[in-house]
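Chemist: Turn this into a model:
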Amino acid sequence: MKQFQKGKGFIIGVLIATLVFGVALPALGVNLDVLLNFANIKLNGEVVAKEGENFTLYNGDEVPYSIIYKGTTYVPLANFGRIMGKDVGWDNDTKTVLISDKQITAPSSILFGAGQYVVGEDIAAGTYDCKAVSGSGNFIGDVKSLGFMGLNEILGAPGTYWEDTPAYNGLRLGNGDTFTIHGDLQIEFVKR
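Modeler: Numbering: from 1, shown residues only. Just a heads-up that it's a prediction; the model follows:
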C-alpha cells in the first residue's frame, strides 16, 4: 500500500505539471495578426518608405518601417521624426518620448550671395555682424527686430563704389525673418 501511495503522489505531480505547462503557459502567450512593412509611406506626394523596406536605428538594429495591426498603421517614432524633420529622443527617468524641432547650428560665419533667404531654414536665428566681402548691392529684408521699415542697406566691399558702407553690425534675425541680397554683393554673416 505504501508503494501505491508513492505512485499516487507521482501521478498527481505529473497531472499538475501537465495542467500547468500544457494549459496555463500557452494561455499566457499572445498571438497578434500583424503585417510588417506592408505599406508605402508618402509625405506630400513623395515616397519616403517603400513596402518591404526596414528602418535602421541609431544603434544599427533594423526594424519595420510600418506595422499594420487591426487596420491601423504604426510607424516607429524615430523614423516618423526623421520623415517629419524632427528630433526624437527618450528621457528614461520620466519614461517620456521627446519630439522637438531640429536645431540649426550655425557655423561661426556663413557667406551669402545674391538670392532670398529664410531665417530658420537657411541660417539659424541669432545676432550677426554682416560684412560685404565682395561686390556691392542692396541688402533688404523683412526683419521683425527692425520694425516696420525693415532692412534696406546698400553695402559694398573695399574697392567698390559703396566701400564706405561695408558692414551692418548687430543684426538680430528671428525665425521666419527673410532677407534678399541683390547685385554681385557677397555678405559674410558672423554670429556673435
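
Chemist: where do the helices sit along the protein?
Modeler: Secondary structure of the chain (DSSP state H): helices at 2-19, 25-28, 77-84.

Chemist: In the top strand by length along the chain, which residues are buried?
Modeler: If you go by DSSP state E, the chain has its longest strand at strand 126-134. Residues 128, 130-134 are the ones in strand 126-134 that count as buried (16 or more other CB atoms under 10 Å). Bear in mind the C-beta positions are built from the backbone N, C-alpha and C, glycine included.

Chemist: Dump it to CSV, keeping only the CA atoms.
Modeler: The C-alpha coordinates for strand 126-134 follow below in CSV (Å, rounded to 0.1, in the frame of the first residue of the first chain):
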residue,chain,number,x,y,z
GLY,A,126,20.7,85.0,-33.7
THR,A,127,22.6,88.2,-33.8
TYR,A,128,25.1,88.7,-36.6
ASP,A,129,27.7,91.1,-37.8
CYS,A,130,27.3,91.4,-41.6
LYS,A,131,30.3,92.4,-43.7
ALA,A,132,30.5,92.9,-47.5
VAL,A,133,33.4,90.7,-48.7
SER,A,134,33.0,91.2,-52.4
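
Chemist: Find the nearest non-adjacent residue to the residue nearest the centre of the chain, please.
Modeler: Centroid-nearest residue in the chain: residue 86, 2.4 Å away (criterion: CA atoms, centre = their mean). Spatial nearest neighbour of residue 86, excluding adjacent residues (CB to CB, 6 or more residues apart in numbering): residue 99 at 5.4 Å.

Chemist: wait, doesn't the one you found sit right on residue 88?
Modeler: Yes - between residue 99 and residue 88 there is a contact under CB atoms under 8 Å: 5.5 Å.

Chemist: overlap in contacts of the two?
Modeler: 77, 81 (CB atoms under 8 Å, 6 or more residues apart in numbering).

Chemist: Look at the two and report which has more neighbours.
Modeler: Per other CB atoms under 10 Å, whichever of residue 99 and residue 88 has more neighbours is residue 88, with 16 against 13.

Chemist: ok, residue 177 - how many residues close by?
Modeler: 22.

Chemist: What separation is there between it and residue 99?
Modeler: Distance, residue 177 to residue 99, using CB to CB, to the nearest Å: 25 Å.

Chemist: Quick one: mean pLDDT over stretch 137-147.
Modeler: Taken as a whole, stretch 137-147 carries a mean pLDDT of 83.

Chemist: any weak-confidence spans in the chain?
Modeler: 1-30, 104-107, 148-149 (pLDDT under 70).

Chemist: Break it into its domains for me.
Modeler: Per automatic domain parsing, the domain ranges recorded for the chain read 34-101, 109-191.

Chemist: what's the most buried one of these?
Modeler: Most buried of the domains of the chain, by mean neighbour count (mean count of other CB atoms under 10 Å): domain 109-191, with a mean of 16.
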